[in-house]
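Peer 1: with the input below, show me the fold.
(one chain, ligands or ions: 2)
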Amino acid sequence: MRSVRAPRSRFGRVTGGLLLALVVGTQACSRPEATIQNHSFARPDEVVMKHLDLDLRVDFETQRLSGMALIEIENKSGAAQLHLDTWALRISRVELDDGYEATFALGDSVPLLGRALIIDIRPETKRVTIHYETTRDARALQWLSPAQTRDGKHPFLYTQSQAIHARSWVPCQDVPSVRFSYHAIIQVPTDLLALMSASNATTKTDDGVYAFEMLQPIPAYLLALAVGDVEHRAISERCGVYAEPSMVEAAAWEFADMERMMVEAEAMYGPYRWDRFDVIVLPPSFPFGGMENPRLTFATPILVAGDRSLVATIAHELAHSWSGNLVTNASWDDFWLNEGFTTYFERRIMERIYGRDVSEMHALLGMDDMREEIADLGPEAATTALYVDLSKLDPDEDLGSAAYEKGYFFLRMLEESVGREAWDAFLRAYFDEHAFQSMTTTRFIDYLRDQLLAGDVERMRELRVDEWVFEPGLPPANMPQPQSGRFAAVDAQIAAWDAGADASALQVEGWVSQEWDHFLTHIASRMPPERMADLDATFHFAQSNGELQRSWYLLVIENEWEPGYAGLQEFLVTVGRRWLIRPLYAKLAESEWGGEFARRVYAQARPGYHALTTATMDAILEWPSASH
Ligand code: BES
Ligand code: ZN
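Peer 2: Ligands and ions are numbered 1, 2, ... in the order given. All right, here's what the predicted structure looks like:
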């Protein structure tokens, strides 16, 4: 039986040919031939950014942010220059401290990284103010017309800074090992509300001016801004949702468990250190399921499914408040420290609230993802290891699901080896002791050896820690095996279906989304049209949540089942979440009719997608793009 399941890689990987030599040529103000570290031009070991004061005006007419960024620095080495990251910013003027005009230069443009902004400073310089505006090429910004929003009346703007796009709207040290606090003043049209990854208003101001504070130091990839006609609904004292007016009630209902999730998370791994936890539901073009912007998670509207079936993503983004936002991967090579820990923590939250049988189903679906991705990329592929040398790769395309799922199973293996009690105490101390700091893979391994395993090197070898972390391919044989009686029951129905039973004869009472997903991805993927019609008429997958629609439309494509095309087209045009649509385009592109269909639909859908989504899909469909 061949499964139709496409690898669930969250981040694409279609840019195999895009290996870039990240080497700066000789240029004024720059070390000649210096190799760029960590996807950044910054040199935080010389001068480091400590605080940011933003003052920006949001102009929907010209689709520009303009104003200034005041950066407070600490000059650790008496350096004569400050190096910042920028991407397609127009810099008009730079001042030092109290208004001294500074000389500055922009380095050559480097693919993927943008341009270094090199500012001459004095040893005693404390503040640097950059007057600038963004341009059409700002990769972090998506400007939506009213028609691209749910309610259709007002324009919308949101940012997506992870992994290396903060530099396209704020000149900064755009590297996750540098943390800074920030304040911002943002001016927007008076009919819109502005929100950031900071302290937020819940209602609009009369003058369209909003002030923000983020007192805890954060890395640049967590800088975030959203501007739109949204309302707030409280879920608890410290939790709530923002969404467009027609969706805000539904969103509040969907995410009603947010407070419980916080309580359970805190019970395991210590206090939530960001004060509030709100979620904003964005328009459908948002390229991710969720993004853990501190205090304000950004979410796709797909999560508002009407049945609370996709709340694991909220648990995931909440978990990042510890793993990622509090203890942060020092570079994108260590991305698994963010996502693997978060996937582990997410499933622990799910287990405490919804039960072990639910979290085990999630773990099994995750295991399928991991296996499929490794099969797809090959067991030697570097990006199937936890630690990945990304120095020549695009972090936005090449961070695969290994970080999530292999990371999850590695941590679960450790838990099962030492017992939950010892493991939880270890993890809690890990978060406490490294709060507001960054972490590298090697430092974590040392900490693990010393704190969890009492320095026992032999035990480290037994647990095969190095293999887990540094070797590509499937995990070692000590990988834990999730157990699910519920999936075993689904397997029996899969066997019945594959043996020819009618859809109406299947025992599906009480199935939740994960059971349906398991069903759709494990039934024999080829079937005659009347069998597709039977599934469709009995179970209405085209009306189910976005994740199930994805699995269903993969079957539609595999079987070239024409009655499903209209729904498929609608899905591709209205959904911008990359993880949901990438496998559909990839599968379509495998056949001739599919390629034609995909290109026709894509022509219609592309203007509505985010730049991160079009970058991935352009490569899959060999679309002529006007990129850099
Ligand atoms: N931080 C990620 C999203 C991300 C990763 C953006 C790398 C840019 C670069 C977020 O927490 C995430 O993992 N989102 C997942 C949610 C899912 C795993 C529950 C997504 O969007 O699919
Ligand atoms: Zn995540």
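
Peer 1: domain assignment for this structure?
Peer 2: 23-318, 327-470, 486-621 (automatic domain parsing).

Peer 1: need phi/psi at the residue nearest in space to the middle of the chain.
Peer 2: Ranked by distance to the mean C-alpha position of the chain (C-alpha atoms, centre = their mean), the top residue is M291 at 5.0 Å. Torsion angles at M291 (phi, psi; degrees, to the nearest 10) stand at phi -140, psi 130.

Peer 1: circling back to that earlier point, the domains of the chain: which one's closest to P480?
Peer 2: domain 327-470 (4.9 Å; C-beta to C-beta). Yep, even glycine has a C-beta here, placed from its N, CA and C like the rest.

Peer 1: sorry, back to before: could the domains of the chain go into JSON lines alongside distance to ligand 2 and mean pLDDT?
Peer 2: Shown next, in JSON lines, are the domains of the chain (distance: least, C-beta to the ion, whole Å; pLDDT from 0 to 100):
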{"stretch": "domain 23-318", "distance to ligand 2": "5", "mean pLDDT": "95"}
{"stretch": "domain 327-470", "distance to ligand 2": "5", "mean pLDDT": "96"}
{"stretch": "domain 486-621", "distance to ligand 2": "11", "mean pLDDT": "97"}
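
Peer 1: re the thing from before, who's in contact with the residue nearest to the centre of the chain?
Peer 2: Applying C-beta atoms under 8 Å, 6 or more residues apart in numbering, we find M291 in contact with 160, 162, 224, 297-299, 317.

Peer 1: circling back: between the domains of the chain, which one is nearest to M479?
Peer 2: Here domain 327-470 is closest among the domains of the chain (C-beta to C-beta), at 5.4 Å.

Peer 1: that closest one vs ligand 1: in contact?
Peer 2: Yes: contact of domain 327-470 with ligand 1 (C-beta under 6 Å from any ligand atom) involves 339, 396, 399, 404.

Peer 1: what's the farthest-apart pair in those residues?
Peer 2: Among the residues of domain 327-470 next to ligand 1, D396 and Y404 lie farthest apart (C-beta to C-beta), at 15.4 Å.

Peer 1: neighbour count winner among the two?
Peer 2: Y404 (28 against 23; other C-beta atoms under 10 Å).

Peer 1: surely the more buried one and L337 touch.
Peer 2: No: Y404 lies out of contact with L337 (C-beta atoms under 8 Å); the separation is 11.8 Å.

Peer 1: and stretch 98-109, how far out from the chain middle?
Peer 2: Distance of stretch 98-109 from the chain centroid (C-alpha atoms, centre = their mean, to the nearest Å) equals 33 Å.

Peer 1: same question for it: list its buried residues.
Peer 2: Buried residues in stretch 98-109, counted by 16 or more other C-beta atoms under 10 Å: 102, 104-107.

Peer 1: got it, and stretch 39-52?
Peer 2: Those would be 39-44, 46-49, 51-52, for stretch 39-52 by 16+ other C-beta under 10 Å.

Peer 1: next: stretch 569-583.
Peer 2: 569, 571-573, 575-583.

Peer 1: got it, and stretch 526-533?
Peer 2: Within stretch 526-533, the residues scored as buried using 16+ other C-beta under 10 Å are 527, 531-532.

Peer 1: can you name the residue of the stretch 101-250 of the chain nearest to ligand 1?
Peer 2: Q162 (3.8 Å; C-beta to the nearest ligand atom).

Peer 1: so what's the nearest residue to that residue once chain neighbours are set aside up against?
Peer 2: Excluding the flanking residues, the one nearest Q162 by C-beta to C-beta, 6 or more residues apart in numbering is Y221, at 4.2 Å. Going by C-beta under 8 Å, 6+ apart, Y221 touches 161-166, 174, 176.

Peer 1: can you list the residues of this protein near ligand 1?
Peer 2: Going by C-beta under 6 Å from any ligand atom, the residues of the chain near ligand 1 are 10, 162-163, 288-292, 313, 316-317, 320, 339, 396, 399, 404, 579.

Peer 1: try 8 Å this time
Peer 2: Counting by C-beta under 8 Å from any ligand atom, the chain comes close to ligand 1 at 10-11, 160, 162-163, 221, 287-292, 300, 312-313, 316-317, 320, 324, 335, 338-339, 342-343, 346, 395-396, 399, 404, 577-579, 612.

Peer 1: just these: which are in strands?
Peer 2: Of the residues of the chain next to ligand 1, the ones assigned to strands by DSSP state E are 290-291.

Peer 1: circling back to that earlier point, ok, and the most crowded of the contacts of Y221?
Peer 2: Busiest of the contacts of Y221 [other C-beta under 10 Å] is D174, holding 30 neighbours.

Peer 1: wait, it sits on S168?
Peer 2: No: if you go by C-beta under 8 Å, D174 and S168 don't touch, sitting 9.1 Å apart.

Peer 1: quick one on the thing from earlier: keep only those of the residues of the chain next to ligand 1 that are in helices.
Peer 2: Assigned to helices by DSSP state H, the following of the residues of the chain next to ligand 1 qualify: 312-313, 316-317, 335, 338-339, 342-343, 346, 395-396, 578-579, 612.

Peer 1: farthest-apart pair in those, please.
Peer 2: Using C-beta to C-beta, the pair of those lying farthest apart is A312 and P395, separated by 23.9 Å.

Peer 1: does I130 belong to a helix, a strand or coil?
Peer 2: strand (DSSP: H, G, I helix; E, B strand; the rest coil).

Peer 1: neighbours around it, how many?
Peer 2: With other C-beta under 10 Å as criterion, I130 counts 24.

Peer 1: got a list of what it touches?
Peer 2: Contacts of I130 (C-beta under 8 Å, 6+ apart): 68-71, 84, 91, 93-94, 117, 119, 171.

Peer 1: which one (most neighbours) among those?
Peer 2: For the contacts of I130, neighbours tallied by other C-beta under 10 Å; top is L84, 30 neighbours.

Peer 1: so what's that one up against?
Peer 2: With C-beta under 8 Å, 6+ apart, L84 has these contacts: 41-42, 49, 71, 116-119, 130, 167, 171-173.

Peer 1: narrow those to those in strands?
Peer 2: Of the contacts of L84, the ones assigned to strands by DSSP E are 49, 71, 116-119, 130.

Peer 1: could you dump those to a markdown table with distance to D191?
Peer 2: Formatted as a markdown table, the ones in strands among the contacts of L84 follow (distance: C-beta to C-beta, whole Å):
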| residue | distance to D191 |
| --- | --- |
| M49 | 34 |
| I71 | 32 |
| A116 | 39 |
| L117 | 34 |
| I118 | 40 |
| I119 | 37 |
| I130 | 30 |
